[in-house]
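**Q** with the input below, show me the fold.
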Amino acid sequence: MSELFNPDNSIMRFITKIANSVYLNILWLACSLPIVTIGASTTSLFYVTLKMAKNEEGNITAAFFRSFRENFRQATKIWLILLAAGIVFAFDGYVFYHMRFENVIWTIGTAVFLVALAAYAIILMYIFPLLARFDNTTFAMFKNSLFIGMRFFLCTVLMAVIYFVMLFVVIHIFTPAVIFGEGLCALLCSYLLSNILLMCQEKEEEADPQKENNTRRTLC
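**A** Numbering: from 1, shown residues only. Reported below is the predicted structural model:
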């Protein structure tokens, strides 16, 4: 019985990580309330969960707010771009849905819209974890998010499933599950992303050995 409550026990470590993900979700929600800070809050969330995936989290509160301060400007810029694009997609989707014409132009337009929407979703899932781990220009962040998301398509699908299942559970099954929300989703996605980002890091270190000791690296 004493072994069961040993903090080094795998079960206890799992419970601790789930509890930490709930705490991180509360931090994420609190720091996202002004809406414009969602980018910085999400980057900070992934900064911590990526460390949790490698058992390197340390003081999660301090790590969260340190990342929030360091990435605030670029993360906010990225988020505002994504928010504006999301509004455009929502408007276009509304128009396409209510103007259903059985002709070639409508069919091609809808196909282009769906492809662009898929690219947007990929960028949305990858860009903040990349920002949490690497230093780069905003344009490069968008480019790399799309490239990595397409290259590791299975990971992209699994991440989309994680978010979809969480949304479905909260809306249709058990609304209080919102307490897990983005925190648990980010943790699960971080386990999927951990090896991928490590591969990107090792590739950069091979290209430039001087970057090996940097905490955050530039992903080209």
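
**Q** show me the contacts for the residue nearest the centre of the chain.
**A** Computing the C-alpha centroid of the chain and ranking residues by CA atoms, centre = their mean puts Met125 first, at 4.5 Å. Met125 sits next to Ser145, Gly149, Thr156, Met159, Ala160, Tyr163, Cys189 when contact means CB atoms under 8 Å, 6 or more residues apart in numbering. (Each C-beta comes from the backbone N, C-alpha and C, glycine too.)

**Q** in helices only, show me those residues.
**A** Per DSSP state H, helices hold the following members of the contacts of Met125: Ser145, Gly149, Thr156, Met159, Ala160, Tyr163, Cys189.

**Q** residues touching the last one, list them.
**A** Think Cys189. With CB under 8 Å, 6+ apart, Cys189 has these contacts: Phe46, Thr49, Met125, Pro129, Met159, Ile162.

**Q** quick check, nearest of those to Tyr23?
**A** Thr49 (11.5 Å; CB to CB).

**Q** show the contacting residues for that closest one.
**A** Applying CB under 8 Å, 6+ apart, the residues contacting Thr49 are Ser21, Leu24, Gly183, Ala186, Leu187, Cys189, Ser190.

**Q** would you list the phi and psi of the fourth one?
**A** Read that as Ala186. Main-chain torsions, Ala186, degrees, to the nearest 10: phi -60, psi -40.

**Q** what about it, neighbour count?
**A** Residues near Ala186, counting by other CB atoms under 10 Å, number 29.

**Q** just to check, Ser145 is in contact with Leu131?
**A** No. With contact defined as CB atoms under 8 Å, Ser145 does not count as touching Leu131 (9.0 Å).

**Q** report the two of the contacts of Met125 separated the most.
**A** Most distant of the contacts of Met125, by CB to CB, are Ser145 and Tyr163, 15.4 Å apart.

**Q** that older thread, Throw the contacts of Thr49 into JSON lines and include pLDDT, thanks.
**A** Below are the contacts of Thr49 laid out as JSON lines (pLDDT from 0 to 100):
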{"residue": "Ser21", "pLDDT": "96"}
{"residue": "Leu24", "pLDDT": "97"}
{"residue": "Gly183", "pLDDT": "96"}
{"residue": "Ala186", "pLDDT": "98"}
{"residue": "Leu187", "pLDDT": "97"}
{"residue": "Cys189", "pLDDT": "98"}
{"residue": "Ser190", "pLDDT": "97"}
